[in-house]
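*Asks:* Quick one: sequence plus predicted model below, questions after.
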Amino acid sequence: MAAQLAEFELRCAGEDYKTAAAVALEIDYDYLHLWGHYRLVTELYERLQGHIADPALRQYSVGNLGAAYRIMAQYQRTIPLFEQALTLARERKDHEGEGACLGDLGNCYAELGETNQAIGYYEQALVISREVGNRHNEAVQLANLGNRYLGIGQIVLCIEYYKQALVIDRELGRRVNEANILCNLGIAYIHLGQTAEAMQCLNDTLAIAREIGYRLVEAATQTNIGIVYLDQGAWGEAAQVFKQAIEIADDTAHTQFQLWARLGMAEAHLYQRQLAAARAMAEAAQQYNYPLDNHRVSAVLGVAALRQGDRLAAQAAFAKALTQARDLLTHSPQLYTALYTQGLALCGLALCENVAHMPGAKEAYKAARALTTDAGVVGRVLLLFDALAEADTVGLLAEVRAEAAGEQPQ
């Protein structure tokens, strides 16, 4: 990209921002985004803001700037940019652009925990995509809907959306989108506890990602392979792939996987009883703000600290996890991961403070199980629960575990 970047610099120096914008758009999605240069993308488009008169170029540059900031989880910047791009698209009667912007806004709200609002945006975008015959964006919105239904435990529906999107993307030869969907389909199979199917999807994803240089999905895939290893009790193998995922995520500044990979590494250490390493990695994960999963990091930190005997630090971490989970549930009560964290955090507080938290813990696990009892999800929930229970010297948590596992009382 040296020649294109040099031309961009030359055009900006000569205040030919229209041509500079065209150069940026030419190399953005298919190259800079693909290779994980999100910081560079933001630098390019920031220099163009306020200098582009052409409405179409302004719309695309604003939207692409928002897309790069979203990957770095800078939502305070992202949402206004997508709203501006949406306004420009509607003013231009660019229905394809309008659909794309609606989907982008849906992604932002989804990652902030506003699941229902996100689904509403996707459904609007899907209608527009079908009306204008934009098969590419139709597949994008189908995949987005699959992501959201995955997050609320409707795995069968989620997989159906993914498969519809996958058919379209393969017809269109969209390797980037195919890799995204295969990776997410792997997550769905992980949740179902179908590890062979999950690994098939993830291995296929990894092959595509490496072939086309798609570093974002390479980090995502390594992270999800690590989760499979955690589910199988292969802690050492899990730690190795999480380490690779951390390196790629850090190099690309992809906030979600900077957090996810560190969280997975913290769990791998925790289950090997490497408590200091687990705590340090959970503390490192807290440096990355990904609202949908911050509560999980706090919960793992609480478990590690309590197992070390640091009751005050554990109490603070569990209280933080509880607040983070409840904040998400205020907006999206179907987020079962937040409910499971609420149950674990209340158990932790019962051990740190008093037993008054026990009924609430049982109710949280009961509510979570009402949303999903998929084998992979429950297996991971119980794995972390049992790590906490090692700090329970009096058997206080036994009844709660039965609720979490869906076991009938004796």
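*Replies:* Yep, it's here.
*Asks:* contacts and neighbour counts: CA atoms only from here.
*Replies:* Noted.
*Asks:* how close does residue 130 sit to residue 206?
*Replies:* 30 Å (C-alpha to C-alpha, to the nearest Å).
*Asks:* who's more crowded, the two?
*Replies:* Higher neighbour count among residue 130 and residue 206: residue 206, with 23 against 16, using other C-alpha atoms under 10 Å.
*Asks:* Ignoring the adjacent residues along the chain, who's closest to residue 210?
*Replies:* residue 218 (7.0 Å; C-alpha to C-alpha, 6 or more residues apart in numbering).
*Asks:* what comes into contact with the helix or strand containing the one you found?
*Replies:* Here residue 218 sits within helix 215-231, counting by DSSP states H and E. With contact meaning C-alpha atoms under 8 Å, 6 or more residues apart in numbering, helix 215-231 is reached by 34-36, 179-180, 183, 186-187, 190, 195, 198-199, 202, 205-206, 209-210, 235, 237-239, 241-242, 244-246, 248-249, 252, 254, 257, 260-261, 264, 268, 376, 379-380.
*Asks:* now, which of these lie within helices?
*Replies:* Counting by DSSP state H, the contacts of helix 215-231 place 34-35, 179-180, 183, 186-187, 190, 195, 198-199, 202, 205-206, 209-210, 235, 237-239, 241-242, 244-246, 248-249, 252, 257, 260-261, 264, 268, 376, 379-380 in helices.
*Asks:* now these: which count as buried?
*Replies:* Among the ones in helices among the contacts of helix 215-231, those classed as buried by 16 or more other C-alpha atoms under 10 Å are 34-35, 179-180, 183, 186-187, 190, 195, 198-199, 202, 205-206, 209, 235, 238-239, 241-242, 244-246, 248-249, 252, 257, 260-261, 264, 268, 376, 379-380.
*Asks:* if I look at the closest residue to residue 336 other than its chain neighbours, how far off is residue 91?
*Replies:* Nearest non-adjacent residue to residue 336, counting by C-alpha to C-alpha, 6+ apart: residue 368, 5.0 Å away. To residue 91, residue 368 is 44 Å away according to C-alpha to C-alpha.
*Asks:* So between those two, which is more surrounded?
*Replies:* Set residue 368 next to residue 91 and count neighbours by other C-alpha under 10 Å: residue 368 wins out with 26 against 12.
*Asks:* Could you count how many residues lie near the closest residue in space to residue 338 that isn't next to it in sequence?
*Replies:* Among residues not flanking residue 338 along the chain, residue 325 sits closest, at 4.7 Å (C-alpha to C-alpha, 6+ apart). Residues lying near residue 325 (other C-alpha under 10 Å) number 31.
*Asks:* Could you measure from residue 325 over to residue 155?
*Replies:* 21 Å.
*Asks:* okay, and for the stretch 301-410 of the chain, where does confidence drop off?
*Replies:* 408-410 (pLDDT under 70).
*Asks:* I'd guessed residue 17 sits against residue 48; true?
*Replies:* Yes - counting by C-alpha atoms under 8 Å, residue 48 is a contact partner of residue 17 at 6.5 Å.
*Asks:* More neighbours: which of those two?
*Replies:* Neighbour count, other C-alpha under 10 Å: between residue 17 and residue 48, residue 17 has more, with 24 against 20.
*Asks:* average pLDDT across stretch 223-231?
*Replies:* Taken as a whole, stretch 223-231 has an average pLDDT of 96.
*Asks:* and it, how far out from the chain's middle?
*Replies:* 15 Å (C-alpha atoms, centre = their mean, to the nearest Å).
*Asks:* Flag every buried residue along it.
*Replies:* In stretch 223-231, counting by 16+ other C-alpha under 10 Å, buried: 223, 224, 225, 226, 227, 228, 229, 230, 231.
*Asks:* Next, the contact list for the residue nearest to residue 259 when sequence neighbours are not counted, please.
*Replies:* Closest residue to residue 259 apart from its sequence neighbours, by C-alpha to C-alpha, 6+ apart: residue 285 at 5.0 Å. By C-alpha under 8 Å, 6+ apart, residue 285 lies in contact with 258, 259, 260, 262, 263, 297.
*Asks:* Quickly note the distance from residue 285 to residue 215.
*Replies:* Counting by C-alpha to C-alpha - residue 285 and residue 215 are separated by 20 Å.
*Asks:* who's in contact with the spatially most central residue of the chain?
*Replies:* Nearest to the mean C-alpha position of the chain, by C-alpha atoms, centre = their mean, lies residue 256 at 5.2 Å. Counting by C-alpha under 8 Å, 6+ apart, residue 256 touches 71, 72, 73, 288, 289, 290.
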